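Asker: I would like to see how this sequence folds:
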Amino acid sequence: MADTGRLERPRGIAARAGSWSARHRWAAVGGWVLLVIVALAVGSMTGRVDVSDSEQVPGESGRVSMILDEAGIDAAAGETVLIQAKGGGLTANDPAFRKAVDAVIAGVRDTGQVTALRSPYETRTISADRRSALVQFEMRGDPEKASEHIQPVLDAVGKAQDSHQDLRIEEFGDASGQKAFDDAFGDDFTQAEFSALPVALGILLIVFGALVAALLPVVLAMTAFLATTGLVAVVSHWVHMSDTANSVMLLVGLAVGVDYCLFYLRREREERAAGRDAQTALRIAAATSGRAVLVSGVTVIVAMAGMLFTGIAEFKAMGLATLMVVAVAMVGSVTVLPALLSLLGERVEKGRVPFLARAKRRGGGESRVWRSVLGPVLRRPKLSLALASGALIALAVPAVGMNTANLTMDQEFGDRLPVVTAYNHIDEAFPGGSDPAKVVVKADDIDAAPVRDALARFRTEAVAKGASKGPVDVTVHHKQNVAVVEVPLIGGSDEAKAEKSLNVLRDEVRPATLGTVDGLDAPIGGSTASSKDFNDKLGSAVPPVFAFVVVFAFLLMLMSFRSLTIAVTSIVLNLLSVGAAYGILTAVFQHGWGAGLVGAEGVGAIVSWLPLFLFVILFGLSMDYHVFVVSRIREARLAGRNTKDAVVHGVVTTAGVVTSAAVIMVAVFSLFGTLSMQSMKQMGVGLAAAVLIDATVIRGVLLPAVMLLLGERNWYLPKWLRWLPDLAHDEPAPAPRPSTLVGASPRPEADERPRHARV
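Answerer: Numbering: from 1, shown residues only. Here you go, the predicted model:
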């Protein structure tokens, strides 16, 4: 009982927080519940401010939206209906073709949902071969809600198609495209999010063999997410948020919340199984796993903060939302969790699944599977290191030729949706017409003669210079002194060709025409321009983000473990994990190796935002595991074990937790890999593959092999670095004792475990 007496004076933030929470458990639980309720209430009252169109895309494309917003010009939801002869017979001159055009116009007008309805015979939107024509119009009301009342228009177009079977009549536009997306993928995406909880709970039930113990991590993770949702709404008034950021926040919040609870709860159960009384076991868990949670949480927060340096609003929203949910989950893990464990006591084992509960008791705190894996690794560390690192490098090789792109509709959705087919047919007949470049001209006087002359010359030169085949439409808003010019780009859905046309507009046509008028601003936007501007900005953000994440993670490891060697190996191992994930993504989605297994045939590229996003997320989550395993190894080393024994002890006693956490994350991420949308599928597959590699090859083979080969050099800290702040003070300083664990010998008895008399 002497140990218990000394444990009354815990050292370190995590140990003190856990000790206080255990003594004031109702205050800790009540404070947490109050935090969640107040955060949700305040967030509900303030409301969430989302990223605007002008913020979402950088560069000229963003300025286009900004000028229109400042002028109060709503970019109406535009729609286009294609009327096209199926064979070689009818042309736009034939009465039957005209009758079909009239039927479309009449049907669409009668819905009362449209405005600015234009006949192809008025706008001359008839193809050169006279076999295709476009009826164009805009949806009434708020363009953001246009998809909610597009259905009557779609029905009218469908009725016209039924009446004219010899023609192809199809619709594509902002509202119809959004509705198709919502119908096909909205419910799918939501279902994946909500499926994550029961999947995580089911796996935790297998891990713990008891319902109450399994519920604790899920409850903490979800309350952390709910509290952060309210806090994010408040913060969004300064840094705007988005639905995507909210979804990523749920994923990361669930992952780290469950991880941190697993780390804490498994250590508390392990100490109790070793004969500690409940109070002592809880305090040991607070001083050890609690510290690992703090170090891991801060490391993940630093990684997520890297997204703030991209300068892209969507990434800033995701970065801030995720680092906030990690911070809240981290605080909950070292405060309310020990309070709940203290309150529940033995009741944490309630709801036992008989077979699973017996298996857990027989298994103890160590993993026999990983002990058997470690045997050959520790007998032949050089061979294990060579094989494992060689395999990961081989997996990473395809990433050298990674092709990133903003996926086209064909790549993203395939040909399963009618709206995609319509888009392709329109683009074939009118290259670029379904998605033109948009030039927004802002002048002091839009009706001034020099401005009108420049606009006329711009229209002419756009076609003459080969950027467009026309027609180039100009809409003048006289009151706002703004003109909107729509230019169908040659290349259409072919991104490379369309980008060349865009460069001609920006670099040749605009300077020679609109650029000659003083005081005139004419940014060029549209989908092609947005894609180019986004990729340019993203490309320039990659080096500083990578450098920030790697450097700060290195410094945190250095200060937390007081070892230059561990800091360096941490970074190298995590980079190997990320590189292997990149290689798998490239092989599957770009080269098509095994693409049929995940429904990704014919994609041919990696969505442009994913590599940077994956790097930040994976680096943070990889450090999560790394900190936990290395903390246990260091603890064993401080307890007097030699390096080999410490490595064995650290890996086999944490393997079960790491494996369980990894299985949950792989299962949750795999749910997103089942979605039909290719960008979400790529995200899910990339995350799942990386976590699986990290929890098995990295933590089970490479880490022990490297640490065994380095021996005492693992703990090397040069004198010139000893001035750095010491973040290792939370580590218990157990009394030295003889080492009995060697190689793959049976697990240590309870009295051989690290003592904590000096905590």
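Asker: give me the neighbour count for the nearest residue to residue 93 once chain neighbours are set aside.
Answerer: Closest residue to residue 93 apart from its sequence neighbours, by C-beta to C-beta, 6 or more residues apart in numbering: residue 130 at 6.4 Å. All C-beta atoms are positioned from the backbone trio N, CA, C, and that covers glycine. Residues contacting residue 130 under the criterion other C-beta atoms under 10 Å number 14.
Asker: what's the pLDDT at residue 130?
Answerer: As predicted, residue 130 sits at a pLDDT of 88.
Asker: ok, residue 455 next?
Answerer: So residue 455 comes in at 92 (pLDDT).
Asker: packing partners of the host helix or strand of it?
Answerer: Per DSSP states H and E: residue 455 is located in helix 449-464. The helices and strands touching helix 449-464, judged by 3 or more C-beta pairs under 8 Å, 6 or more residues apart in numbering; DSSP states H and E, are strand 437-442, strand 482-487, helix 510-512.
Asker: and the helices in the stretch 501-650 of the chain?
Answerer: 510-512, 527-561, 564-585, 595-598, 610-638, 643-673 (DSSP state H, counting those that start in this stretch).
Asker: out of these, which gets the lowest mean score?
Answerer: It's helix 595-598: among the helices of the stretch 501-650 of the chain, that one has the lowest mean pLDDT, namely a mean of 77.
Asker: could I get the buried residue list for that helix?
Answerer: For helix 595-598, the neighbour count (16 or more other C-beta atoms under 10 Å) marks 595, 598 as buried.
Asker: if we can go back for a sec, out of the helices of the stretch 501-650 of the chain, nearest to residue 35?
Answerer: Taking C-beta to C-beta, helix 610-638 is the member of the helices of the stretch 501-650 of the chain nearest to residue 35, at 23.1 Å.
Asker: going by secondary structure, the most centrally placed residue in the chain is in what exactly?
Answerer: What sits nearest the mean C-alpha location of the chain, by C-alpha atoms, centre = their mean, is residue 248, with 5.0 Å. Using DSSP H and E, residue 248 maps to helix 243-273.
Asker: elements contacting that helix?
Answerer: Secondary elements touching helix 243-273 (3+ C-beta pairs under 8 Å, 6+ apart): helix 187-208, helix 211-235, helix 278-305, helix 313-334, helix 336-344, helix 610-638, helix 643-673.
Asker: any low-confidence regions in the stretch 351-500 of the chain?
Answerer: Low-confidence segments of the stretch 351-500 of the chain (pLDDT under 70): 354-368, 370, 414-415, 432-434, 492-493.
Asker: quick one, strands of it?
Answerer: In the stretch 351-500 of the chain, the strands defined using DSSP state E, counting those that start in this stretch lie at 404-405, 437-442, 473-477, 482-487.
Asker: list the contacts for the residue nearest to residue 93?
Answerer: Contacts for residue 130 (C-beta atoms under 8 Å, 6 or more residues apart in numbering) come out as 91, 92, 93.
Asker: 10 Å instead, please
Answerer: 85, 90, 91, 92, 93, 94, 97 (C-beta atoms under 10 Å, 6 or more residues apart in numbering).
Asker: could you do residue 420 as well?
Answerer: So residue 420 contacts 172, 177, 180, 408, 409, 410, 412, 413, 414 (C-beta under 10 Å, 6+ apart).
Asker: let me have those in JSON lines, adding distance to residue 338 and neighbour count as columns.
Answerer: As requested, those are exported to JSON lines (distance: C-beta to C-beta, whole Å; neighbours: other C-beta atoms under 10 Å):
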{"residue": "172", "distance to residue 338": "57", "neighbour count": "26"}
{"residue": "177", "distance to residue 338": "51", "neighbour count": "23"}
{"residue": "180", "distance to residue 338": "50", "neighbour count": "22"}
{"residue": "408", "distance to residue 338": "52", "neighbour count": "21"}
{"residue": "409", "distance to residue 338": "51", "neighbour count": "22"}
{"residue": "410", "distance to residue 338": "53", "neighbour count": "18"}
{"residue": "412", "distance to residue 338": "46", "neighbour count": "19"}
{"residue": "413", "distance to residue 338": "48", "neighbour count": "21"}
{"residue": "414", "distance to residue 338": "50", "neighbour count": "17"}
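Asker: quick one: residue 441 and residue 485 touch, right?
Answerer: Yes: counting by C-beta atoms under 10 Å, residue 441 does reach residue 485; the two are 6.6 Å apart.
Asker: and for those two, which residues touch both?
Answerer: By C-beta under 10 Å, 6+ apart, residue 441 and residue 485 have these common neighbours: 455, 458, 474, 476, 514, 522.
Asker: ok, the nearest residue to residue 217 once chain neighbours are set aside - how many residues close by?
Answerer: Sequence neighbours aside, residue 261 is the residue nearest to residue 217 in space, at 3.4 Å (criterion: C-beta to C-beta, 6+ apart). Neighbours of residue 261 under the rule other C-beta under 10 Å: 27.
Asker: so who does residue 261 touch?
Answerer: Residue 261 touches 204, 213, 216-221, 289, 293, 329, 332-333, 337, 340-341, 661, counting by C-beta under 10 Å, 6+ apart.
Asker: with residue 589 instead?
Answerer: Applying C-beta under 10 Å, 6+ apart, we find residue 589 in contact with 402-403, 407, 411, 595, 598, 600-607, 610, 678-679, 681-682, 685-686.
Asker: if I look at the most far-flung residue of the chain relative to its centre, how far off is residue 156?
Answerer: The C-alpha centroid of the chain is most remote from residue 95, which lies 53.5 Å away (C-alpha atoms, centre = their mean). Separation of residue 95 from residue 156 (C-beta to C-beta, to the nearest Å): 21 Å.
Asker: residue 137: helix or strand, and which one exactly?
Answerer: Here residue 137 is assigned to strand 132-139, by DSSP H and E.
Asker: what's the following helix or strand past that strand packed up against?
Answerer: For strand 132-139, the following helix or strand on the C-terminal side (DSSP H and E) is helix 151-163. Other elements packing on helix 151-163 under the criterion 3 or more C-beta pairs under 10 Å, 6 or more residues apart in numbering; DSSP states H and E are strand 78-85, helix 95-110, strand 114-118, strand 132-139, strand 167-173, helix 174-181, helix 418-429.
Asker: at 6 Å instead, please
Answerer: Here helix 151-163 touches helix 95-110, strand 167-173, going by 3 or more C-beta pairs under 6 Å, 6 or more residues apart in numbering; DSSP states H and E.
Asker: could those go into CSV alongside distance to residue 143?
Answerer: Shown next, in CSV, are the helices and strands packed on helix 151-163 (distance: least, C-beta to C-beta, whole Å):
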stretch, distance to residue 143
helix 95-110, 17
strand 167-173, 11
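Asker: now these in CSV, with mean pLDDT and distance to residue 233?
Answerer: Shown next, in CSV, are these (pLDDT from 0 to 100; distance: least, C-beta to C-beta, whole Å):
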stretch, mean pLDDT, distance to residue 233
helix 95-110, 91, 39
strand 167-173, 89, 32
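Asker: buried deepest among the ones you listed, which one?
Answerer: Relative to the other members of the helices and strands packed on helix 151-163, strand 167-173 carries the highest mean neighbour count by mean count of other C-beta atoms under 10 Å, namely a mean of 24.
Asker: can you list contacts of it?
Answerer: 78-84, 86, 100, 157, 160-161, 419, 422-423, 426, 434 (C-beta atoms under 6 Å, 6 or more residues apart in numbering).
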